[in-house]
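S.K.: Sequence plus the predicted model coming up.
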Amino acid sequence: MKKLVVLILALCMLCSVAFANELTWASVEEAASQIAGEFKTFDEISVKIWIPEVLQAVELSDEDRESGYIGYFASDDAAVAVQYVNMEGMSLEEYEAQLKEDSEVSDIEAGTVNGLPALSYAIKDKDTGVVAFTTEMGYILEVACGPLSNEGFAQMVGIILSSIQGC
């Protein structure tokens, strides 16, 4: 387990959220217990995500909600965005193919997070890492974190992404 935590943190330090085969909350729970934070539940999708206390919830505008945002948490120098977008039944494999055509996306990796099939990728010019999931309703759930160049925040990104789970 310790090797996986080290791997997650090392990957984050390299400005990538790519993961080996599987991320689990159990592998980072001890590290998370050393940082003030709590799980936030997104009832519309039955998912919970651990958010550090330094990130405060930002009120979403109607435009944000129309764009699929269901959560946004920020500090002066870091943010986590949770977006739920109707992709008309696109599979994770189809979404991966679409991402590979986008010149702003790099480091695409398939894996699992707490047993859920997922993709991780980086957005090159935005210093942001993303983990994406498909849902039974034909939507894509994306959790974006940045900036990854912020060393302290990059370490928390591994914990945040490992916490994503159904509730």
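M.R.: Noted; the coordinates are in hand. Numbers count the residues shown, from 1 in each chain.

S.K.: CA only for contacts and neighbour counts going forward, please
M.R.: OK.

S.K.: how far away is the residue lying farthest from the centre of the chain from Thr24?
M.R.: Residue farthest from the centre of the chain, counting by Cα atoms, centre = their mean, is Asp62 at 22.6 Å. Separation of Asp62 from Thr24 (Cα to Cα, to the nearest Å): 33 Å.

S.K.: And Leu116, by the same measure?
M.R.: Relative to Thr24, Leu116 is positioned 10 Å away (Cα to Cα).

S.K.: So these two - more neighbours on which side?
M.R.: Neighbour count, other Cα atoms under 10 Å: between Leu116 and Thr24, Thr24 has more, with 21 against 17.

S.K.: Not including adjacent chain positions, what is the nearest residue to the more buried one?
M.R.: Asn114 (4.7 Å; Cα to Cα, 6 or more residues apart in numbering).

S.K.: quick one, what contacts the one you found?
M.R.: When contacts are counted by Cα atoms under 8 Å, 6 or more residues apart in numbering, Asn114 touches Glu22, Leu23, Thr24, Trp25, Ser162, Ser163, Ile164, Gln165.

S.K.: phi, psi of it?
M.R.: Phi and psi for Asn114, reported as degrees, to the nearest 10, are phi 50, psi 40.

S.K.: could you measure it against Ile164, distance?
M.R.: For Asn114, the distance to Ile164 - Cα to Cα - is 7 Å.

S.K.: shared neighbours of the two, anything?
M.R.: Residues touching both Asn114 and Ile164 (Cα under 8 Å, 6+ apart) are Trp25.

S.K.: low-scoring stretches of the chain, by residue?
M.R.: Scanning the chain with the threshold set as pLDDT under 70 gives 1-21.

S.K.: and stretch 87-102, C-alpha only, in PDB?
M.R.: Taking Å, rounded to 0.1, in the frame of the first residue of the first chain, the C-alpha atoms of stretch 87-102 are listed here in PDB:
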ATOM      1  CA  MET A  87     -22.200  12.500 -23.500                       C
ATOM      2  CA  GLU A  88     -25.200  10.600 -25.000                       C
ATOM      3  CA  GLY A  89     -24.100   7.200 -23.900                       C
ATOM      4  CA  MET A  90     -20.500   7.400 -24.900                       C
ATOM      5  CA  SER A  91     -18.400   4.600 -23.400                       C
ATOM      6  CA  LEU A  92     -15.200   5.200 -21.600                       C
ATOM      7  CA  GLU A  93     -13.300   3.700 -24.600                       C
ATOM      8  CA  GLU A  94     -15.000   6.100 -26.900                       C
ATOM      9  CA  TYR A  95     -14.300   9.000 -24.600                       C
ATOM     10  CA  GLU A  96     -10.600   8.000 -24.500                       C
ATOM     11  CA  ALA A  97     -10.500   7.900 -28.400                       C
ATOM     12  CA  GLN A  98     -12.100  11.400 -28.400                       C
ATOM     13  CA  LEU A  99      -9.500  12.700 -25.900                       C
ATOM     14  CA  LYS A 100      -6.700  11.300 -28.000                       C
ATOM     15  CA  GLU A 101      -7.700  13.600 -30.800                       C
ATOM     16  CA  ASP A 102      -7.600  16.700 -28.600                       C
END
